[in-house]
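>>> Predicted structure and sequence below. I'll ask about it afterward.
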Amino acid sequence: MGLLVQAGCAVGPDFKKPAPLVGGHYGQAEHSEQIQAVAGQAERAAAGAQGGAQVLRAGQDIPAQWWTLFRSPALDALVRKALDHNPSLESARDALAAAQENRLAQQSAFFPTISGSFNPTRNKTSKTYSPVPNSNQWLYTVHTAQLNISYVPDLWGGVRRGVESAKAVRDAQRDQLRAVQLTLTASVVQAAIDYATIKAQIETTQSLVNLQRDLLDSARKQEKAGEFSQNDVALQHTALAQNEATLAPLQKQLEQQKHLIAALVGDTPDVPQPEFTLNGFALPAELPLTLPAHLVEQRPDIRTAQANWHAACAQVGVAVANRLPNIQLGATPGFAAASIAQMAAPGYGQWTIAAMVTQPLFDGGLLRHQENAARAAYDQAAAEYRNTLVTALQDVADTLSALKLDATTLSDNAEAATAAGQSLRISLAQYKYGAISQIVMLTAQQAHLQSELALAQSRADRLSDTVALFQALGGGWWNSKESEAPRQPSWHPDKGLAVLLP
């Protein structure tokens, strides 16, 4: 009977995976074979790997530990520590474990429920009635032991739809875990880059402050000698104070960045964290480019939205089945005896077999409105899936555009920094011999500081946008070999759209 019911139909809509995306590109950004390289004088000014070229490789796979491509041992150790100790990731793992148990619990409805009971009672019959027990005693004891067996055949597939929904919820939670892992690793890498950027800004500002202090001391000596006026000294002092005032906010940002890194790896703020510099990161020379049709299977947020859509679809079938007639089968075999010893003797057994057909007749519209709500939730989940997909495609397109322009921006800022540095050196020499005014000297100092800060930010932007690309493409979770990693996709980015393993 159970096998017959299992093979029956299930009411409600059958979920169908969305058709593969027809469009093959995100726009024009990826059509360029190579992201613009920084060369010549600009590349020399942008010391470090952040001045190199980057090439997009269509169909190139993404390693699970993609952050190792930045070739920073300290960064690798930091990310692995975060994966082991971050509380949010632990919470997501626990949520996945709960969803898995709920799915298994839902499957129990396929089987009969059996419970046992033993009920010893001491009874007295009123003399108004004849003595009830076989011994014709008014006062007697009864030991009752029985099994309660109940089974509800899944006539309309409501149980199967419930299991289907629970499995989809489990899948959604599993992909949510992947999303948390990806967000965490990207956040840790980005936090390290931001820390290095702020540190570079502090070092640049401090260098200029030291230079300005030397110039202020020189200006005061020349004032005593009658070569400088008080106004010249005041101007130099003002410039020094203005740049010194920028150091405290930068130091504040650096401390806050340390605290952020500590929180991401599950440490308290007082625990020392590794130091990072922009030169300590290598810019990956080759970047993957996943086609939109494959992105659907790689992005955890898209997969989560699809699983939620699937769960909502199955819930429609559950709601429909609840409105249809159902059958409940039951049996209660057992024994009833005056003593425990009699329970082993023949003739004291008893049993009941029953069947019941139920059909909702009037519930004030409860089941009908629940079905309507389930259908509305299904439509909502479908819209959420489409919105997630569109947002993901926009995310990748924006990142590709940013990468394309980052190298150009770095090149321009590197040239500006080179020119500003040369101008400052010339101005220093001219200033010592009195060939230029104080205003010209201060202008050269400020231009040099701004160009160096812009150059540091440009180098950081290339690193940040590279991190954003790995995150936008899914982060390579399918290549993970860790025990807690979810099921692997049965596809490779070079072989077309995936067919997932069950």
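That came through fine.

>>> how about low-confidence regions in the stretch 301-450 of the chain?
438 (pLDDT under 70).

>>> Which residue ranges of it form helices?
With helices called from DSSP state H, counting those that start in this stretch, the stretch 301-450 of the chain shows them at 366-432, 438-472.

>>> The helix or strand encompassing residue 234 - what's its average pLDDT?
Using DSSP states H and E, residue 234 sits within helix 230-245. Here helix 230-245 scores 86 as its mean pLDDT.

>>> List the buried residues in it.
232, 233, 235, 236, 237, 239, 240, 243 (16 or more other CB atoms under 10 Å). (Glycine included, C-beta is placed from N, CA and C.)

>>> shouldn't residue 265 be in contact with residue 80?
No. Contact criterion CB atoms under 8 Å: residue 265 and residue 80 do not qualify, at 9.3 Å.

>>> for the buried residues of helix 230-245, which one is nearest residue 437?
Relative to residue 437, the closest of those is residue 232; by CB to CB it sits at 8.5 Å.

>>> ok so, going back, mind checking which of the helices of the stretch 301-450 of the chain is nearest residue 140?
Using CB to CB, these put helix 366-432 closest to residue 140, at 46.9 Å.

>>> what's the distance between the closest one and the middle of its chain?
17 Å (CA atoms, centre = their mean, to the nearest Å).

>>> And for stretch 466-483?
11 Å.

>>> what's in contact with that stretch?
54, 61-67, 178, 181-183, 185-186, 189-190, 193, 283-284, 287-288, 290, 295, 298-300, 392, 395-396, 399-400, 402-403, 485-486, 488-489 (CB atoms under 8 Å, 6 or more residues apart in numbering).

>>> on that earlier part again, and residue 265 and residue 80? Which one has more around it.
Neighbour count, other CB atoms under 10 Å: between residue 265 and residue 80, residue 265 has more, with 22 against 16.

>>> How much space separates the more buried one from residue 177?
18 Å (CB to CB, to the nearest Å).

>>> so what does the helix holding residue 234 touch, helix or strand wise?
helix 158-224, helix 438-472 (3 or more CB pairs under 8 Å, 6 or more residues apart in numbering; DSSP states H and E).

>>> Format the ones you listed as JSON lines; extra columns: distance to residue 151.
Shown next, in JSON lines, are the helices and strands packed on helix 230-245 (distance: least, CB to CB, whole Å):
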{"stretch": "helix 158-224", "distance to residue 151": "11"}
{"stretch": "helix 438-472", "distance to residue 151": "50"}
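
>>> In CSV, list the C-alpha atoms belonging to stretch 412-420.
Listed next in CSV are the C-alpha coordinates belonging to stretch 412-420 (Å, rounded to 0.1, in the frame of the first residue of the first chain):
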residue,chain,number,x,y,z
ASP,A,412,47.2,58.6,-14.5
ASN,A,413,47.7,58.9,-10.8
ALA,A,414,51.2,57.3,-11.1
GLU,A,415,52.2,59.9,-13.7
ALA,A,416,50.8,62.6,-11.5
ALA,A,417,52.7,61.3,-8.5
THR,A,418,55.9,61.2,-10.5
ALA,A,419,55.5,64.7,-11.8
ALA,A,420,54.5,66.0,-8.3
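
>>> before we move on, the earlier item: mind checking which of the helices of the stretch 301-450 of the chain is nearest residue 340?
Of those, nearest to residue 340 by CB to CB is helix 366-432, at 47.2 Å.

>>> Show me what that closest one is packed against.
strand 34-35, helix 40-45, strand 54-58, helix 292-298, helix 300-321, helix 438-472.

>>> That helix vs helix 300-321, what angle?
Angle, helix 366-432 to helix 300-321, by axes from the mean of the first three to the mean of the last three CA atoms, to 10 degrees: 170 degrees.

>>> Between helix 438-472 and helix 366-432, find me the angle.
150 degrees.

>>> that older thread, deepest of the helices and strands packed on helix 366-432, which one?
helix 300-321 (a mean of 24; mean count of other CB atoms under 10 Å).

>>> Okay, now the unreliable bits of the stretch 51-200 of the chain?
51.

>>> Quote the end-to-end distance of stretch 286-298.
19 Å (CA to CA, to the nearest Å).

>>> and after the helix holding residue 234, which helix or strand comes next?
According to DSSP H and E, the helix or strand after helix 230-245 is helix 247-264.

>>> Tabulate the CA atom coordinates of that next one in CSV.
Extracted C-alpha coordinates of helix 247-264, given in CSV (Å, rounded to 0.1, in the frame of the first residue of the first chain):
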residue,chain,number,x,y,z
LEU,A,247,47.0,62.2,11.1
ALA,A,248,44.6,61.7,14.0
PRO,A,249,41.6,60.8,11.9
LEU,A,250,43.8,58.4,9.9
GLN,A,251,45.1,56.8,13.1
LYS,A,252,41.5,56.4,14.3
GLN,A,253,40.5,54.7,11.1
LEU,A,254,43.5,52.4,11.4
GLU,A,255,42.6,51.4,14.9
GLN,A,256,39.0,50.8,13.9
GLN,A,257,40.2,48.6,11.0
LYS,A,258,42.2,46.5,13.5
HIS,A,259,39.1,46.0,15.6
LEU,A,260,37.2,45.0,12.5
ILE,A,261,39.8,42.4,11.5
ALA,A,262,39.7,41.1,15.1
ALA,A,263,35.9,40.8,15.0
LEU,A,264,36.0,39.0,11.6
